[in-house]
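Trainee: When you get a sec, could you give me coordinates for this:
(2 chains)
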Amino acid sequence: MKKYSKKQYGLFFIALLISIVFLFPIYWMITTSIKPIQDVFATPPLIFPENIQFDAYIKNLIEDRSIFKYIRNSFIIATGTSLLTLILALPAAYALARFRLKGGGVFLLILLVTQMVPGIMMAMPLFIMFSTFNLLNSYLALIIGNTTLALPFAVLIMRPFFLSIPKGLEDAAVIDGCNRFTAFVRIVLPLTKPTLLTVGTFAFLFAWGDLIFALTLATDESIRPLTMGLTTFVGQYGTQWDSLMAVSTIAALPIIIIFIALQKYIVSGITAGAEK
Amino acid sequence: MEANTMVHMEKNVTSPSKFSHIIMKSLYKYLFVLPAFLFVVIFMLYPIVYNIFVSFQDATILNLSSDKSFVGLANYAYILNDPTFKIALKNTLIYTSSSIFFQISIGFLLALFFNQVFPFRNFFRSILLLAWMTPLVITGTLFKWLFDVDYGVINYLFMQLGIISESINWLGQQGTALVAVIFTNIWIGIPFNMILILAALQALPKDVYEAARIDGASKLQIFYKITLPLMKPAILVVLVLGIIYTFKVFDIILIMTGGGPVNATQVLPFYGYELAFVNFNFGHGGAVATIILLMLTLVSLIYLYLVRKEESM
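Mentor: The predicted structure follows:
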């Protein structure tokens, strides 16, 4: 147990205060969703809810179940993006770190540059491309679209990780009778678990929050993800803020859960992504 | 291993069958990169090139699958003469510069605070990231509610603090809509900037501080004479990342204002989206996309130039 001084406990309370003020909007989203509608529109606003009820959740989860379709679509798209990103990025990042490849530097530069291109710029050409191949309104189209956002990030943070693994490990495995592929699978892969988690989580979160590709590449309601669903609810509910905030909370819940479970990997992902 | 292969190559170069074996042996290295390479070329490079290409064509939804005529700079002429483009450009510059100014300065202050040691520091540091992690559609909807004219908590709070005297229709009038959207974006970006700056602060050499303290430097002197100069490269990275990410603004505009009222929050990516997916004029959309690409390339070149200058000093 570390002993803290009085001053350090003082800092703790300031940090608590900063967090409360800063995260107030999230708190307001959740409390609005569990207030009766007359309390939502109370003046002055009720900072602490006086009557708690879950009508908005009953309405949007049990009476009207259309949200489940959106949630399912979001899961399919986000998981697919996560897997595709890992499948493409893992061997590429490994080879770019381990082997002297002709054009490797150029490839890295291309990844850096494509990372800055706004998603909406990618959306128009992809829309035209997918419409010629009849791929519009498919999960694949959305997974590919989201992977264009996640892949550069993935390669750029995985490569330094592979650079940090001592090469001797695989050489020893090769001497012991592994070939390059089995050395990669048996020796390197188990070591990469934290990085795989970071990259997989980020790809999942990118895709979960995506609106641009959902808006442009999927005009069919049946494959649209939760972000598009939310815009539908905005149109439908107008100013029924209790329902809107309930739907928002439901949509944010997976993010909050993933965030709490994988905090460490997320913070390291952000800082690693900027060190280039 | 690479060195080993080199040795093998020199030894075996005489025998042709062995030689092809060695080509195969180095070819497999490229197989690792091949899937990602193909993906990047087909789904990322091709679209960027296509944007440039289509910006010189008369391309609409009608002639999408047939031949498109080359129109030279006509699309660019149309865009540059469109008053909406000028508004969008101006708004994008205001949006980007003011967002970044506040995100970095508030982020820096928070980073300095969280660089001190106290209980649950790491927990607080990362819980703030929730603002950044929440999908933008949700944040946009949430801030629409916070900025609501009749029941929004921001109007209530500002009136209590005496900043405003009566409820403001933040998102509904031309004078304040952009301010409200910028406010929202600053909230989203603060934790991201804070985490990056904090990581850089923690990587600063400790002995310099030790020496300064022994020499009797005050806290302010240490900050201005040591921390700030040492942090310059890190701030530069955060600045460039910030410009690139902020420039992309789309989701919160679509949700909160739809570019309105009367183009008050029109920004370049949203303008490009409307040309391509509302008017279905892909030539115009491609021209805006190419202009955005040029501007971001310029930012990166300035960045690279500054980094070079820094390194040569």
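Trainee: What is the three-state secondary structure of residue B:294?
Mentor: Put simply, residue B:294 is helix when judged by DSSP: H, G, I helix; E, B strand; the rest coil.
Trainee: Can you get me a residue count around it?
Mentor: By other CB atoms under 10 Å in any protein chain shown, 10 other residues sit near residue B:294. Backbone N, C-alpha and C define where each C-beta goes, glycine included.
Trainee: separation between it and residue B:300?
Mentor: 11 Å (CB to CB, to the nearest Å).
Trainee: Pull the residues that contact stretch B:206-219.
Mentor: For stretch B:206-219, the surrounding residues in contact (CB atoms under 8 Å, 6 or more residues apart in numbering or on different chains) are B:221, B:222, B:225, B:226, B:230.
Trainee: Need the phi and psi values for residue B:70.
Mentor: Main-chain torsions, residue B:70, degrees, to the nearest 10: phi -80, psi 130.
Trainee: On the strand side of things, show who it bridges to.
Mentor: residue B:57 (DSSP bridges).
Trainee: residues touching it, list them.
Mentor: Applying CB under 8 Å, 6+ apart, the residues contacting residue B:70 are B:56, B:57, B:58.
Trainee: For the stretch 151-276 of chain A, which residue gets nearest to chain B?
Mentor: The minimum distance from the stretch 151-276 of chain A to chain B, using CB to the nearest CB, falls at residue A:209 (3.2 Å).
Trainee: My guess is that residue contacts residue B:140. True?
Mentor: No. Counting by CB atoms under 8 Å, residue A:209 stays clear of residue B:140, with 11.1 Å between them.
Trainee: Where do the helices of the stretch 151-276 of chain A begin and end?
Mentor: Ranges of helices in the stretch 151-276 of chain A, per DSSP state H, counting those that start in this stretch, are A:168-175, A:180-183, A:189-191, A:193-209, A:212-217, A:226-237, A:241-274.
Trainee: Could you identify which of the ones you listed is most buried?
Mentor: Ranked by mean neighbour count under mean count of other CB atoms under 10 Å in any protein chain shown, the helices of the stretch 151-276 of chain A are led by helix A:212-217, which reaches a mean of 24.
Trainee: is chain B contacted by it?
Mentor: Yes. Contact of helix A:212-217 with chain B (CB under 8 Å from any CB of the partner chain) involves A:212, A:215, A:216.
Trainee: between the contacts of stretch B:206-219, which is closest to residue B:179?
Mentor: residue B:230 (34.4 Å; CB to CB).
Trainee: Flag the shaky bits of the chain, pLDDT-wise.
Mentor: Going with chain A. For chain A, applying pLDDT under 70 flags the ranges A:1-2, A:273-276.
Trainee: Can you look at chain B instead?
Mentor: B:1-25, B:65, B:310-313.
Trainee: so what are the domain limits for it?
Mentor: B:2-54, B:74-312 (automatic domain parsing).
Trainee: which one of those domains is the most hemmed in?
Mentor: Mean neighbour counts for the domains of chain B (mean count of other CB under 10 Å) peak at domain B:74-312, with a mean of 18.
Trainee: Show me how far it is from its chain's centre.
Mentor: On the basis of CA atoms, centre = their mean, to the nearest Å, domain B:74-312 sits 8 Å off its chain's mean C-alpha point.
Trainee: Would you map the helices across the stretch 51-200 of chain B?
Mentor: Counting by DSSP H, counting those that start in this stretch, the helices of the stretch 51-200 of chain B are B:74-81, B:83-114, B:121-127, B:130-133, B:136-146, B:153-160, B:174-202.
Trainee: will you turn these into a markdown table that also has distance to chain A?
Mentor: Formatted as a markdown table, the helices of the stretch 51-200 of chain B follow (distance: least, CB to the nearest CB, whole Å):
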| stretch | distance to chain A |
| --- | --- |
| helix B:74-81 | 13 |
| helix B:83-114 | 7 |
| helix B:121-127 | 4 |
| helix B:130-133 | 6 |
| helix B:136-146 | 5 |
| helix B:153-160 | 5 |
| helix B:174-202 | 4 |
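Trainee: These: which one's closest to residue A:263?
Mentor: helix B:121-127 (4.8 Å).
Trainee: Restrict the closest one to CA atoms and write it as PDB.
Mentor: The C-alpha coordinates for helix B:121-127 follow below in PDB (Å, rounded to 0.1, in the frame of the first residue of the first chain):
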ATOM      1  CA  ARG B 121      -4.700   8.900 -11.200                       C
ATOM      2  CA  ASN B 122      -4.700   6.400 -14.100                       C
ATOM      3  CA  PHE B 123      -8.400   5.700 -13.500                       C
ATOM      4  CA  PHE B 124      -9.400   9.400 -13.900                       C
ATOM      5  CA  ARG B 125      -7.000   9.900 -16.800                       C
ATOM      6  CA  SER B 126      -8.700   7.200 -18.800                       C
ATOM      7  CA  ILE B 127     -12.300   7.700 -17.700                       C
END
